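J.: Turn this into a model:
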Amino acid sequence: MPARSDAWEAQLPADTAKELYRLTKPPTEEERQAGRPYLRDFDRDVLPYLSLHGIVAPSHATWFRFKHRMRMDEAAETIISVEASKRIAQGITAAKIDPQLAADMMTSLSVDEAAKPDGERNEKVMQIFASAAAMFKSAEQRDRELALKAAAQQTKDEQLKLAREKFEAAERRENAARNALGDTKLTDAAKIAKMKEIFG
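T.: Next up is the predicted model:
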């Protein structure tokens, strides 16, 4: 949210205020090795850094109020991002989008978030996208397993149906042969002809 007009950071470009706040956080090992400033102590770190960059320094109390406001803004942005992430996931589910496609989308969003610079990257949002990707991946695997089971069951049913039909056909041929052999009206030659007809 925009800073109050009487706030110290309101006189600064928005990017500068965000960068100053980012520098109040502990640097990563890579950043520390690269020499990234860490505005930890007001007198020892903050004042020299602001002077070096031509920024009019606030009072000690104003600096802490600035950090508090930035922290609140960051928390609000996180809440908004989390809510947006939830709605994306809910929308995908409601729209019945293919779980594999949804998993790929969430993985891509997580990677995009992870690739942002430290000051812009939101770890919570990144984790939410990663968790959503895992959830959709699990759903995709479950759907695939169900489809395989259904296909296996269908194959089994078809095999049973075919076996039953073969058995019933064999039973019909056997009954027909028995009846032909027991028919006293037929000659032996006629019975042989009948057997050939029955058994192909």
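J.: Least confident secondary structure element in this structure?
T.: Across the helices and strands of the chain, mean confidence by mean pLDDT, DSSP states H and E is lowest for helix 60-94: a mean of 74.
J.: Just the buried residues of stretch 126-135, please?
T.: 126, 128-130, 132-133, 135 (16 or more other C-beta atoms under 10 Å). Where you see a C-beta, it was placed from the backbone N, CA and C, and this is true even at glycine.
J.: In strands, which of the residues you listed fall?
T.: Among the buried residues of stretch 126-135, DSSP state E puts none in strands.
J.: and those residues as TSV, adding pLDDT and distance to K185?
T.: Converted to TSV, these look like this (pLDDT from 0 to 100; distance: C-beta to C-beta, whole Å):
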residue	pLDDT	distance to K185
M126	76	90
I128	77	86
F129	76	84
A130	80	84
A132	76	80
A133	77	79
M135	77	76
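J.: so can I have JSON lines of those residues showing distance to H60?
T.: Converted to JSON lines, the buried residues of stretch 126-135 look like this (distance: C-beta to C-beta, whole Å):
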{"residue": "M126", "distance to H60": "34"}
{"residue": "I128", "distance to H60": "37"}
{"residue": "F129", "distance to H60": "39"}
{"residue": "A130", "distance to H60": "40"}
{"residue": "A132", "distance to H60": "43"}
{"residue": "A133", "distance to H60": "45"}
{"residue": "M135", "distance to H60": "47"}
